[in-house]
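> Using only what follows, build the 3D model:
(4 chains)
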4 protein chains.
Amino acid sequence: MARKLRYGMVGGGPGAFIGAVHRSAIALDGQAVLVAGAFSSDPAKSREQGHELGISESRTYDTYEQMASVEKSLPADQRIDFVSIVTPNNTHFPVAKTFAEHGFHIVCDKPMTTTLADALELSHVVREAGVIFALTHNYTGYPMVKEARHIVHAGELGIIKKVVVEYPQGWLSTLVEDDGQKQASWRTDPKIAGAGALGDIGSHAENLVRYITGLRIAEMCADVSTIVPGRLVDDDANILVHYEGGARGIIYCSQVSVGEENALNVRIYGTKGAIEWDQESPNSLILKRQSEPTSVLRAGQPYLSEAAQSSTRLPPGHPEGFIEAFANIYQNAIGAMSALDQGLPLEELDLEYPDIDDGILGMHFIESALKSGRERRWIDASYELESER
Amino acid sequence: MARKLRYGMVGGGPGAFIGAVHRSAIALDGQAVLVAGAFSSDPAKSREQGHELGISESRTYDTYEQMASVEKSLPADQRIDFVSIVTPNNTHFPVAKTFAEHGFHIVCDKPMTTTLADALELSHVVREAGVIFALTHNYTGYPMVKEARHIVHAGELGIIKKVVVEYPQGWLSTLVEDDGQKQASWRTDPKIAGAGALGDIGSHAENLVRYITGLRIAEMCADVSTIVPGRLVDDDANILVHYEGGARGIIYCSQVSVGEENALNVRIYGTKGAIEWDQESPNSLILKRQSEPTSVLRAGQPYLSEAAQSSTRLPPGHPEGFIEAFANIYQNAIGAMSALDQGLPLEELDLEYPDIDDGILGMHFIESALKSGRERRWIDASYELESER
Amino acid sequence: MARKLRYGMVGGGPGAFIGAVHRSAIALDGQAVLVAGAFSSDPAKSREQGHELGISESRTYDTYEQMASVEKSLPADQRIDFVSIVTPNNTHFPVAKTFAEHGFHIVCDKPMTTTLADALELSHVVREAGVIFALTHNYTGYPMVKEARHIVHAGELGIIKKVVVEYPQGWLSTLVEDDGQKQASWRTDPKIAGAGALGDIGSHAENLVRYITGLRIAEMCADVSTIVPGRLVDDDANILVHYEGGARGIIYCSQVSVGEENALNVRIYGTKGAIEWDQESPNSLILKRQSEPTSVLRAGQPYLSEAAQSSTRLPPGHPEGFIEAFANIYQNAIGAMSALDQGLPLEELDLEYPDIDDGILGMHFIESALKSGRERRWIDASYELESER
Amino acid sequence: MARKLRYGMVGGGPGAFIGAVHRSAIALDGQAVLVAGAFSSDPAKSREQGHELGISESRTYDTYEQMASVEKSLPADQRIDFVSIVTPNNTHFPVAKTFAEHGFHIVCDKPMTTTLADALELSHVVREAGVIFALTHNYTGYPMVKEARHIVHAGELGIIKKVVVEYPQGWLSTLVEDDGQKQASWRTDPKIAGAGALGDIGSHAENLVRYITGLRIAEMCADVSTIVPGRLVDDDANILVHYEGGARGIIYCSQVSVGEENALNVRIYGTKGAIEWDQESPNSLILKRQSEPTSVLRAGQPYLSEAAQSSTRLPPGHPEGFIEAFANIYQNAIGAMSALDQGLPLEELDLEYPDIDDGILGMHFIESALKSGRERRWIDASYELESER
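Here you go, the predicted model:
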């Protein structure tokens, strides 16, 4: 038996959405056990949540700083192996930085920070610390997204020529933040969230394309709007993209598309074929070729790639969903932590997960889109990662 | 019994696609009878087609000029009532002008001309002649598109905030024009077609939105590409749009989207609801509201508007398609011709069909998109019709 | 140019549904011209309809007997070539018999008669007369149904093991016949319709399976019900079937399935693959194989069989529907009439259409189902056609 | 915090499918912790699995009898609260009986036993012991199935008139049991599985209808077949059903429907409306009414019933699947155990889960279908539970 890791959580207090998802995703595969937490910036709420989750009082902390420092002081066989950061966006940076500096592995919700500068600084800290850093761009955890990536990388679509990625939601189509809706309140507060729709879901859309195709944006022209009067952040963004190598793209995200739930959809057209994947029907992947019958590939089937098969728990026709995809991110991240701690050669293992470079590129994408939108013109949106220099 | 009209056709010779569609659409409802034609610029082919269609030799013409002039000279109870122009784009203008000048009603394929200047000139000739001019933006003939228009105009969606219209095809994803594919050859020849994808299908997309919503484009930023090396016209265009009144939009058309057939799809989001219609499943219209069940409206049902019901021939669940939608354009256009000829008050009849102003706005859209694409910037794309001054 | 045939119609008066479908289907392809009719059993209505359709008064008849006899007396280059019979079920037999005896070709709506005995007698008359007899089991006219048949006959599914055919409608889920709904009134009157749902739509379901697979029923156990109190005919029937050769089947038809439109759906499972076709999405055919991606075949594509391709008028993605499928039945039937009249070898031409044997087997199916339902037991439902003896 | 329960597992050794599903389902919501197990009838394999799962050696048992007796002897704050039985069918009865007799709550996979007699005996033991017994008819755990039940019980469909439930799979379309496929081997061994498709999936289909509608079968006529030569159990069954109250039904299950995955689908037609639910798209429920737009209800939406909402973890558009549905069964069953142990009034809590009566009715259904199939006739299939007498 592989040793179960121990983890702590920062955020995920009463009423939070994504904290519970992280906990369920980890629990699903029994890879790690929650043993500590600073669940809220309000110490009383943190203790309430710790109690509810059965965490011992001594390891339910009032602040994340306290948590990092106390956990660090515990014997190696008791202290947490990693921290899950599920706080609002603006605290991702200080929390992640602190835990990295204390030598803990990190799984952090996206967007990684609220500025590119913070993202870069964090990347230096993480590299220095030598810890694993995983960013939960969870949609890349779906088996059929992994299959899409496999198909593109195997060259089955030829050269990619056109990309269309859409991410419409409707839940912010009125000014719900003024009604005290908790999720809406912080996600539309520029001081907490940074960007609006661009950060919350646009960054997922960009990441999804990059994950599947490897394509990097060269230039873009963005139309960034605040549709709902009184809102303080962008809630609709439509972006024309030129990818390096020449592919054309449309990236669009909206949180004011009335009646849409979470309709992330991506289509990739190459010279030889095309694929389409829809997050609300995640267990199918559509493969099209000119003048050939369209194929529908299905999760769990033996004809899929190893990457897709190994990220599925059930036989075909037994639907898996959002939590399972999330759990797949954790599987690989935890696998990497275990491997690193055991001194195994990480680079030889096929343990892909969104990492700090994804976070940097995500922040660069958000900032570029905001800039292009502000200036109402095409801008250079290329970016060279330090790792690429 | 309403008198059946007599019509002639220019174009629609052997091997043509759209000419046969026009003939079938007219025949379907028995509204008019083909009695004359100049079916090809090659007199031998014209005669061959006339013979095939059972047209008398005396009324199978070598040229459209001859046809206009001879038909004009026939007794009123024999001569054609209208002409269907189904030639390649660059001849629409001279043919339509000629027949208008001879006093014939006109049904013309789109795009109306190859330049805005020609479109304007034609509009003057048509107005002067006092004839009916219908442009076959056939997708507006679908019953569920009429229902969509009804829903928007009835205010059921509130104020329109976002529009996404997509029109991907894949049939030009290789350089088929070099293989002698007839449809591809003229549609990708700038001298014949004018624009490429923008004219062939982009103009349909723009028109469809305008038909449903009444929205007019204020400004746009277009990314117009020729994806297939060696092609002489645009084959992919992605356009950011600001509509008058503030709605944001994406209009995209592509003929290099491998594996797509004729995937025209439109989504209209308002403050109170949204609709989606897909040309490949034309008998359904999806109506979404925030936090309410999604509704699927179906052609032929008694709950539809009068406009949708009266353009359906069959009970629910008996699919109607492309030709039937085309026939609906003809029904209204022919109805208008009959009404006009009988001296009935046209403005009191509800006989909508795409007309000369649609043609002008379509040409302006195409020219604006090409310009914005060339200049790689946002441009003013508003347009005031003479009828609006 | 092939000579256009002349046809007459019996039935199809004001307010009738299927008569107009027949006329549109014929007009669509311009294969024949309506020149005569006895459009209603009420002479005044017949004349009204004849006038509306532009038929000369001399050929608008008061009775079908008069029509048969007068038409017979006309010169060969004026008289009708065939008759379309679109009356309620109980008159199909006498009308068809009369026209066959006068030597006219016949296209007749289904079910062919109201008793098997009549069907057999009609078959003798037709054979004796040497005329073409086509029965409008129109669903077999859809291109993707022809493709399904091709796939089965080519052995691509292996040996057929299981068939599920469903035909639910909802329009008779209340006692609409008592509200004077014309279609409902005669279709639920046992004296006019014979059977109810079994005759009206069950016979289509049975025929569709037989068309695609060639399978003949060996035995059946039917559960035939009248769900709506006060109704005089069956409105719901669920039938277990053993086909010759051992395949198992379910045939179900219902006109009381609230909310269903015209949801004819067939699934055929063999040892090597399976196909599914749905009448409300008629331009797709789904092909499944165990542990392989599912394929979606689409009308108009070049990879389809000759039979499917030649029955499509438009490129892929341009929907065709019910009337087009109907027209395909007429194309082949009219083709056969022309061939026969020109002395061409019919058996060498690939002109399949539902014929008199389909009518006999249909009536045998209906009578068997009613008998099995009455006796509440499995019965022998095999049948040997005279042509098979 | 509610106390986490402790549970043990019987079955679920290396390579088993359903054992892992049960463990993941329980882990997902953190309701209970696995502390003991007899994971295989092979003691070595049991220990291997226990080790893999991190169970202490002292509580990894060689036999279920040993487990029941040792656990019983442990202090109340250490011993298991309940057992999950995930063994092949023929051991459900002895294992469940043993644990019930030792006073443990039970969650047992379906079918409950292999004979109705065993089911009845078990029900007596369970009632005597006063323990909670839950049967994992997991499909009733889906939120939209709960919504379907709510809709029917609220009378929104009127009186139910017709039911169609289909459960086709394709994985046994060849004789895979001869290739050593573990799942196939025991599921097609009559000594281990009892029935074949009828027990494995037919019982789910019957249960699903009963859960949603409350309808009980009055009589049936079944066509039960073994399609694959050499197979020892039924692999295809088509059943005509009369429900008490007069509704007609079709229940069909098949494991030889090539290309089908796990296509459980149910349609319920009433006098006022109809619903359709498809297991492979589980987050939607379709609601149809005659002459009204079709509604698509979606998991997570605020308009759903309390039962549907409380069994969803995520916002709309974030897919949940098979494991989540399974977890919902456990939530209620564990809730009931906790309530019972705390002396709370169970009958006042709304904690529905499939129970011992579902198991009895399931076994009666299976035996009735086999009998009707053998005798090839309609049989009385009504059943009065002891609790109803």
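
> CA atoms for contacts and neighbours, from now on please.
Fine.

> So which residues of the stretch 201-350 of chain A form strands?
When secondary structure is read from DSSP state E, counting those that start in this stretch, the stretch 201-350 of chain A shows strands at A:217-225, A:236-243, A:248-254, A:265-270, A:274-278, A:284-288, A:294-298.

> May I see those organised as JSON lines, with mean neighbour count and mean pLDDT added?
Output for the strands of the stretch 201-350 of chain A, formatted as JSON lines (neighbours: other C-alpha atoms under 10 Å in any protein chain shown; pLDDT from 0 to 100):
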{"stretch": "strand A:217-225", "mean neighbour count": "24", "mean pLDDT": "98"}
{"stretch": "strand A:236-243", "mean neighbour count": "25", "mean pLDDT": "98"}
{"stretch": "strand A:248-254", "mean neighbour count": "26", "mean pLDDT": "98"}
{"stretch": "strand A:265-270", "mean neighbour count": "23", "mean pLDDT": "98"}
{"stretch": "strand A:274-278", "mean neighbour count": "23", "mean pLDDT": "98"}
{"stretch": "strand A:284-288", "mean neighbour count": "22", "mean pLDDT": "98"}
{"stretch": "strand A:294-298", "mean neighbour count": "22", "mean pLDDT": "98"}
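
> how about these in a markdown table, adding distance to residue C:350?
Converted to a markdown table, the strands of the stretch 201-350 of chain A look like this (distance: least, C-alpha to C-alpha, whole Å):
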| stretch | distance to residue C:350 |
| --- | --- |
| strand A:217-225 | 56 |
| strand A:236-243 | 52 |
| strand A:248-254 | 48 |
| strand A:265-270 | 40 |
| strand A:274-278 | 37 |
| strand A:284-288 | 32 |
| strand A:294-298 | 29 |
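
> Figure out which of those is closest to chain D.
Among the strands of the stretch 201-350 of chain A, the nearest to chain D by C-alpha to the nearest C-alpha is strand A:294-298 (9.4 Å).

> Run the contact check for the closest one versus chain D.
No. Applying C-alpha under 8 Å from any C-alpha of the partner chain, one finds strand A:294-298 separated from chain D by no less than 9.4 Å.

> Kindly report the same for stretch A:276-290.
Yes. Contact of stretch A:276-290 with chain D is found when judged by C-alpha under 8 Å from any C-alpha, involving A:280-282.

> Can you tell me which of these is nearest residue C:346?
residue A:281 (50.3 Å; C-alpha to C-alpha).

> what residues does chain A put near chain B?
A:161-162, A:170-171, A:173, A:223, A:227, A:238-240, A:250, A:257-260, A:269-274, A:288-292, A:294, A:376-378.

> Surely residue A:78 is within a strand?
No. Residue A:78: not assigned to a strand; according to DSSP: H, G, I helix; E, B strand; the rest coil it is coil.

> In space, what's closest to it - neighbours in sequence excluded?
Spatially, and ignoring its direct neighbours in sequence, residue A:78 is nearest to residue A:6 (7.9 Å; C-alpha to C-alpha, 6 or more residues apart in numbering or on different chains).

> mind checking how far that neighbour is from chain B?
Using C-alpha to the nearest C-alpha, to the nearest Å, residue A:6 is found at 39 Å from chain B.

> which strands and helices sit next to the one helix or strand in chain A whose mean pLDDT sits lowest?
Here the helix or strand of chain A ranked lowest by mean pLDDT, DSSP states H and E is helix A:182-187, holding a mean of 87. On a contact count with 3 or more C-alpha pairs under 8 Å, 6 or more residues apart in numbering or on different chains; DSSP states H and E, helix A:182-187 meets helix A:190-193.

> Just the buried positions in the helix it packs on, please.
A:190, A:192-193 (16 or more other C-alpha atoms under 10 Å in any protein chain shown).

> who's in contact with the least confident helix or strand of chain A?
Under the contact criterion C-alpha atoms under 8 Å, 6 or more residues apart in numbering or on different chains, helix A:182-187 has outside partners A:16-17, A:88, A:172, A:176-178, A:192-193, A:196, A:200.

> before we move on, the earlier item: nearest to residue A:357 among the strands of the stretch 201-350 of chain A would be which one?
strand A:217-225 (14.3 Å).

> contact partners of that closest one?
Counting by C-alpha under 8 Å, 6+ apart, A:234-244, A:368-370, A:372-374, A:376-383, B:240 sit against strand A:217-225.

> still on that earlier bit, neighbours around the residue nearest to residue A:78, how many?
18 (other C-alpha atoms under 10 Å in any protein chain shown).

> Over to the one 5 residues further on?
Residue crowding around residue A:11 was assessed by other C-alpha under 10 Å; the count is 25.

> Would you confirm that it contacts residue A:39?
Yes. Residue A:11 lies in contact with residue A:39 (C-alpha atoms under 8 Å); the separation is 4.2 Å.

> Got the domain ranges for chain A?
Chain A is divided into the following domains under automatic domain parsing: A:5-138, A:142-314+A:355-375.

> Report the distance from the helix or strand hosting residue A:90 to the chain centre.
For residue A:90, the element it lies in under DSSP states H and E is helix A:89-101. Relative to its chain's centre, helix A:89-101 lies at 16 Å (C-alpha atoms, centre = their mean, to the nearest Å).

> so where's chain A uncertain?
For chain A, applying pLDDT under 70 flags the ranges A:1-2.

> that older thread, near chain C, list only the ones from the buried residues of helix A:190-193.
Near chain C, by the rule C-alpha under 8 Å from any C-alpha, you find none of the buried residues of helix A:190-193.

> Of those, which is the nearest to chain D?
Among those, and counting by C-alpha to the nearest C-alpha, the member closest to chain D is residue A:193, at 19.7 Å.

> in terms of contact, does that closest one touch residue A:90 like I think?
Yes. At 6.0 Å, residue A:193 counts as touching residue A:90 under the criterion of C-alpha under 8 Å.

> what do those two both touch?
Contacts common to residue A:193 and residue A:90, judged by C-alpha under 8 Å, 6+ apart, are residue A:114.

> For stretch A:68-81, which residues meet the burial criterion?
A:68, A:71-72, A:79-81.

> picking that back up, to residue C:320, which of the domains of chain A lies closest?
domain A:142-314+A:355-375 (18.3 Å).

> so how far does that closest one reach from one end to the other?
Start-to-end span of domain A:142-314+A:355-375 (C-alpha to C-alpha, to the nearest Å) is 36 Å.

> circling back to that earlier point, residue C:47: which of the domains of chain A is closest?
domain A:142-314+A:355-375 (50.7 Å).

> so how far is the closest one off the chain centroid?
For domain A:142-314+A:355-375 - counting by C-alpha atoms, centre = their mean - the centre lies 11 Å from the chain centre.

> how about the buried residues of stretch A:68-81 in JSON lines, adding distance to residue A:59?
Converted to JSON lines, the buried residues of stretch A:68-81 look like this (distance: C-alpha to C-alpha, whole Å):
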{"residue": "A:68", "distance to residue A:59": "11"}
{"residue": "A:71", "distance to residue A:59": "8"}
{"residue": "A:72", "distance to residue A:59": "12"}
{"residue": "A:79", "distance to residue A:59": "10"}
{"residue": "A:80", "distance to residue A:59": "10"}
{"residue": "A:81", "distance to residue A:59": "14"}
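
> Kindly provide the distance from the closest residue to residue A:197 other than its chain neighbours to residue A:219.
Closest residue in space to residue A:197, ignoring its immediate chain neighbours: residue A:235 at 4.8 Å, by C-alpha to C-alpha, 6+ apart. Look at residue A:235 and residue A:219: by C-alpha to C-alpha, they are 22 Å apart.

> How about residue A:331?
From residue A:331 to residue A:219 the distance is 34 Å (C-alpha to C-alpha).

> Residue A:181: neighbouring residues, count only.
There are 11 residues near residue A:181, going by other C-alpha under 10 Å.

> Can you name the residues that contact it?
Contacts of residue A:181 (C-alpha under 8 Å, 6+ apart): none.

> Check the gap between it and chain D for me.
Noted for residue A:181: a distance of 14 Å to chain D, by C-alpha to the nearest C-alpha.
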